[in-house]
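1. here are the coordinates; sequence isn't available:
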């Protein structure tokens, strides 16, 4: 898919088909995370790939809005080392890369915040000194009513995103 | 450009041609930031667009490795509201979107950490209650020796990235 179109059309997807994620798509997702830039190239991250249903169920209870993990054929935990300067910011960059690489292959994704992070780390055996603020779900989207009209993509899709108007968030030369 | 290729080929670019960034490319960069996802769709960000040479020079002194701002035809300050849950992480997502949208148009970019953040905010008049950890430079890359061999793209470019091997950063099912 075209890069710009991929970027501006990415949305959170919370309902997935049972179809498994092919290995080559998983590789592209991981590679997109791995190739992401980071402060001083510290690459302060690890990616924990989870398909096991029991683990996904347990993780879903570690966040307040994480039930989408239960129905996702693929889940990836994002671990980072907080001793590095910009671990949280850089994790955001890697996560965006992974979600975009998935979306470019037609795979939807959603971020689950782990509000009970210690519990989530225990599920996966993540060392105490590292952080795991987020776990991602991935899967082929269940088509939603309203995505299409008469089977064709809804032309107004960009109007339904609820993003702030450009003039609210952009300043020129000064605040 | 193809989305996956754009993602895995993005690198920091620190040396820019004088060529100005066209308005339509700036719009795509801002739109990519604006359309980025954020925790509970809070969109906790503002983007300050700077072309003024004096402001770029002053900002370049607010970070330890920020001299690339001096020669960049376009600079964007990333401001976020820290009262929101994941402002730093979400800013990382928006920044990655902007850098990728630029790269898809052949425009390179680099993140400058503002180690003296208060000074940087003063340059732009950013309100005290907001954060501006990062300022981005954008521009068309100056061709580097080694990017091509006999005028053709160097096939081994992906080998020069210095990224950790996949097996070092990926775990399956458990840490």
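-> Nice, I can see it. Remember, predicted model here, so these are calculated numbers, not experimental data. Residues are numbered from 1 along each chain as shown, chains lettered A, B, ... in the order given.
2. closest approach to chain B from chain A, which residue is it?
-> residue A:92 (2.4 Å; C-beta to the nearest C-beta). All C-beta spots, glycine's among them, are computed from the backbone N, C-alpha and C.
3. which residues are in contact with that residue?
-> B:86, B:88-93, B:95-96 (C-beta atoms under 8 Å, 6 or more residues apart in numbering or on different chains).
4. repeat that for 6 Å
-> Residues in contact with residue A:92, defined by C-beta atoms under 6 Å, 6 or more residues apart in numbering or on different chains, are B:89, B:92-93.
5. any regions of chain A where pLDDT drops low?
-> A:146-161 (pLDDT under 70).
6. try 80
-> By pLDDT under 80, the weakly predicted segments of chain A are A:1, A:144-161.
7. next one: the longest strand seen in it to chain centre, how far?
-> Using DSSP state E, we find that the single longest strand of chain A is strand A:131-139. Once both centres are worked out by C-alpha atoms, centre = their mean, to the nearest Å, strand A:131-139 turns out to sit 6 Å from its chain's centre.
8. and the strands in chain A, which stretches?
-> Counting by DSSP E, the strands of chain A are A:45-50, A:74-80, A:108-113, A:131-139, A:148-149, A:152-153, A:170-172.
9. and for the third one, what's in contact with it?
-> So that's strand A:108-113. A:12-14, A:63, A:66, A:68-69, A:99, A:102, A:134-138, A:141.
10. so which of those reach chain B?
-> Among these, the ones lying near chain B by C-beta under 6 Å from any C-beta of the partner chain are residue A:12.
11. buried subset of the contacts of strand A:108-113, written for PyMOL?
-> To isolate the buried members of the contacts of strand A:108-113 in PyMOL, using 16 or more other C-beta atoms under 10 Å in any protein chain shown:
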select buried, chain A and resi 13+14+63+66+68+69+99+102+134+135+136+137+138+141
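12. so which of the contacts of strand A:108-113 comes closest to residue A:56?
-> residue A:69 (4.9 Å; C-beta to C-beta).
13. contact partners for the closest one?
-> Under the criterion of C-beta under 6 Å, 6+ apart, the neighbours of residue A:69 are A:56, A:59-60, A:75, A:112, A:137.
14. excluding its backbone neighbours, what's nearest the residue of chain A closest to chain B?
-> residue B:92 (2.4 Å; C-beta to C-beta, 6 or more residues apart in numbering or on different chains).
15. partner residues bridging residue A:172?
-> residue B:49 (DSSP bridges).
16. same for the longest strand of chain A, what does it pack against?
-> Helices and strands touching strand A:131-139, by 3 or more C-beta pairs under 6 Å, 6 or more residues apart in numbering or on different chains; DSSP states H and E, are strand A:74-80, strand A:108-113.
17. longest single helix anywhere in chain A?
-> Counting residues, the longest helix found in chain A (DSSP state H) is helix A:87-103.
18. quick one: distance of that one to the chain centre.
-> Worked out by C-alpha atoms, centre = their mean, helix A:87-103 lies 7 Å from the chain centre.
19. do the same with stretch A:58-71
-> For stretch A:58-71, the distance to the chain centre is 14 Å (C-alpha atoms, centre = their mean).
20. that older thread, output the helices and strands packed on strand A:131-139 as CSV; include the columns distance to residue B:7 and mean neighbour count.
-> Putting those into CSV (distance: least, C-beta to C-beta, whole Å; neighbours: other C-beta atoms under 10 Å in any protein chain shown) gives the following:
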stretch, distance to residue B:7, mean neighbour count
strand A:74-80, 16, 24
strand A:108-113, 14, 24
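21. which of the ones you listed sits closest to residue B:43?
-> Of those, the one closest to residue B:43 (C-beta to C-beta) turns out to be strand A:108-113, at 14.7 Å.
22. what separates residue A:122 from residue A:102, distance-wise?
-> Distance of residue A:122 to residue A:102, computed by C-beta to C-beta, to the nearest Å: 27 Å.
23. sorry, that was for residue A:67
-> Look at residue A:67 and residue A:102: by C-beta to C-beta, they are 20 Å apart.
24. now swap in residue A:142 and tell me
-> In terms of C-beta to C-beta, residue A:142 sits 15 Å off from residue A:102.
25. identify the bridge partners of the spatially closest residue to residue A:91 that is not a sequence neighbour.
-> Closest residue to residue A:91 apart from its sequence neighbours, by C-beta to C-beta, 6+ apart: residue A:80 at 4.8 Å. For residue A:80, the beta-bridge partners are residue A:45, residue A:131 (DSSP bridges).
26. pretty sure residue A:80 is touching residue A:88, no?
-> No. Checked against C-beta atoms under 6 Å, the pair residue A:80 and residue A:88 is beyond contact range at 7.1 Å.
27. any common contacting residues for the two?
-> With C-beta under 6 Å, 6+ apart, residue A:80 and residue A:88 have no common neighbours.
28. count the neighbours of residue A:3 for me.
-> 23 (other C-beta atoms under 10 Å in any protein chain shown).
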